[in-house]
Structures are given as structure tokens and as C-alpha cells.
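*Asks:* Whatever this is, show me its structure:
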Amino acid sequence: MLHWFGPTFPIDLIYGILNFLVAFIIISIIGLRLNTDPKQLLLILVTLLFPFLINGMLIDWHFIPDQSKYLKDTIAFRSFDFGAIDHRPSIYIPSLILALTPLPFLETFNDLGFANRLIMSLFIMFLINKQTPKLITYYLILSPTILFYTSTGLKETIVIILTTISFYLILKEKLLTALLPIILLILSKKQNGYLVLLVYLGYLYFFKINFQGKK
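*Replies:* Numbering: from 1, shown residues only. Okay, the predicted model is just below:
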């Protein structure tokens with residue numbers, strides 16, 4: 001199993017603290033600029049702590065071994081070691097997205113958790129800014145399942161966001177633009193991507209195709 005490349009205590013904790021602070025500052029600045037609801041912004045900042053509580057505290061990373069795949073590829077992208085990158089799109093696409101986050105250190109499973117929480121937090125703030133019903137945004141912030149998986153080194157954050165953006169663009173009738181997240185979703189997680197593609201095609205069929213003789 002891939003565990004040998006992780007920094008040991010207290011270096012891993014220092015990396016985690018620095019990543020937390022960077023993510024905290026980014027979220028705070030963007031939240032203030034977007035005039036994000038203070039209560040929701042506070043909850044988003046509090047939930048940013050959760051990666052500290054998952055791997056190594058609540059669970060051993062061996063219970064979610066797939067994290068090692070994304071951590072390996074994320075480190076490879078950051079090191080420009082392209083020969084070490086997994087050739088499967090379902091691994092390297094989420095890993096590339098995580099590698100592109102502006103956090104200084106992505107060396108442990110918890111570091112990936114902070115990257116995922118940063119991405120998820122910014123996405124929730126985007127939804128809040130688009131006047132999304134509070135019930136939905138509070139659910140995304142406080143759902144135990146979403147909170148757990150988006151605080152680990154898995155790709156579920158990317159899958160949730162790509163799925164939601166796809167549906168959002170379909171409802172906004174930005175159908176050409178919607179193809180990009182749908183394609184990325186298919187490459188990242190086929191079953192979810194094909195389900196969204198089915199919805200996309202169904203929307204085209206029922207609302208956009210002008211059948212001959214249709215009045």
C-alpha cells in the first residue's frame with residue numbers, strides 16, 4: 001500500500017496547519033467580497049477544520065485506501081513527474097484538479113482533505129451568490145455524508161461539483177457549455193456521468209428538438 005511517502009509528525013501537522021490557514025484566508029476574502037451570508041460563511045469556515053478529524057483520528061486511512069491513488073497522482077503532478085501518473089482518467093483528472101488548488105503543501109491525505117474542502121467551500125459560496133435556496137446550501141455545508149467525503153483525499157468532491165454544475169447549466173439552458181462538465185464527469189466517474197448525460201439528452205429531446213409537424 002502507498003504509505004511510505006507521507007511526512008511524519010510533526011511535519012504533517014505543520015503542513016496541515018499551513019494549508020488550513022491558506023484555505024481559511026482564501027475563503028474569508030472571497031466570502032466577504034461576495035457578501036456571503038455571515039452565518040453560512042461561519043459554518044463553512046468551521047467545517048474547514050474537519051480534515052484534521054478524519055484520517056488518523058476518526059479512521060485509519062486504510063479504511064479508505066483509494067485515497068492513496070489520488071495522493072500519488074497529485075504529488076506526481078506537483079512534481080512534474082508525468083511518468084508516474086496513473087493513465088486512467090478517473091484517477092488523473094480529479095488528481096489534476098486537486099493539484100491545481102492554491103494550497104502550498106499536498107503531501108498527506110489530510111492535505112487532500114483541505115484541498116477538497118477549499119474547492120467545496122468555494123462552490124457552496126458560488127451557489128449562495130446565485131441565490132440558491134438556503135435549504136440546499138445548508139444541506140451541502142452540514143450533511144454528514146458530504147462533510148465526511150469532502151474532508152478526505154477522495155474524488156467525491158469533484159464528482160458532486162461536476163454533477164451539480166451540469167444540472168445547473170442544463171436548467172439555465174446553457175447546453176453547449178454543459179457538455180464540458182458532463183464530459184469531465186464521465187471521465188471521472190462513468191456511472192454518474194452517463195446518468196447526467198441521459199438527463200441532458202432527455203432535455204434536448206423533450207424541449208429543444210422541433211419534430212416535423214409539431215404545432
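*Asks:* what's around F114, how many residues?
*Replies:* Per other CB atoms under 10 Å, the neighbour tally for F114 reads 31. Where you see a C-beta, it was placed from the backbone N, CA and C, and this is true even at glycine.
*Asks:* In which helix or strand does it reside?
*Replies:* helix 109-129 (DSSP states H and E).
*Asks:* again, but for I183
*Replies:* Going by DSSP H and E, I183 is in helix 175-188.
*Asks:* Now the element after that helix, going C-ward?
*Replies:* Next along the chain from helix 175-188, counting by DSSP H and E, comes helix 190-203.
*Asks:* quick one: buried residues of that following helix?
*Replies:* Using 16 or more other CB atoms under 10 Å as the test for burial, helix 190-203 gives 192-193, 196-197, 200, 203.
*Asks:* Could you report the distance from the residue nearest in space to the middle of the chain to Y194?
*Replies:* Nearest to the geometric centre of the chain sits T157, at 2.9 Å (CA atoms, centre = their mean). To Y194, T157 is 20 Å away according to CB to CB, to the nearest Å.
*Asks:* Quick one: residues in contact with the top helix by length along the chain.
*Replies:* Longest helix of the chain, by residue count under DSSP state H: helix 11-33. Defining contact as CB atoms under 8 Å, 6 or more residues apart in numbering, one finds that helix 11-33 is touched by 6-7, 36, 41, 44-45, 48-49, 51-52, 102-108, 110-111, 114-115, 117-118, 121-122, 125.
*Asks:* follow-up on the earlier one: output the helix holding F114 in CSV with nothing but the alpha carbons.
*Replies:* Output of helix 109-129 as CSV, limited to C-alpha atoms (Å, rounded to 0.1, in the frame of the first residue of the first chain):
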residue,chain,number,x,y,z
PHE,A,109,-4.3,12.5,2.9
ASN,A,110,-5.3,15.4,5.2
ASP,A,111,-3.8,17.9,2.8
LEU,A,112,-6.0,16.5,0.1
GLY,A,113,-8.9,16.9,2.5
PHE,A,114,-8.1,20.6,2.8
ALA,A,115,-7.9,20.9,-1.0
ASN,A,116,-11.3,19.2,-1.3
ARG,A,117,-12.8,21.4,1.5
LEU,A,118,-11.5,24.5,-0.2
ILE,A,119,-13.0,23.5,-3.6
MET,A,120,-16.3,22.5,-2.0
SER,A,121,-16.5,25.7,0.1
LEU,A,122,-15.9,27.9,-2.9
PHE,A,123,-18.6,26.0,-4.8
ILE,A,124,-21.1,26.5,-2.0
MET,A,125,-20.3,30.2,-1.9
PHE,A,126,-20.9,30.3,-5.6
LEU,A,127,-24.3,28.7,-5.1
ILE,A,128,-25.1,31.1,-2.3
ASN,A,129,-24.2,34.0,-4.6
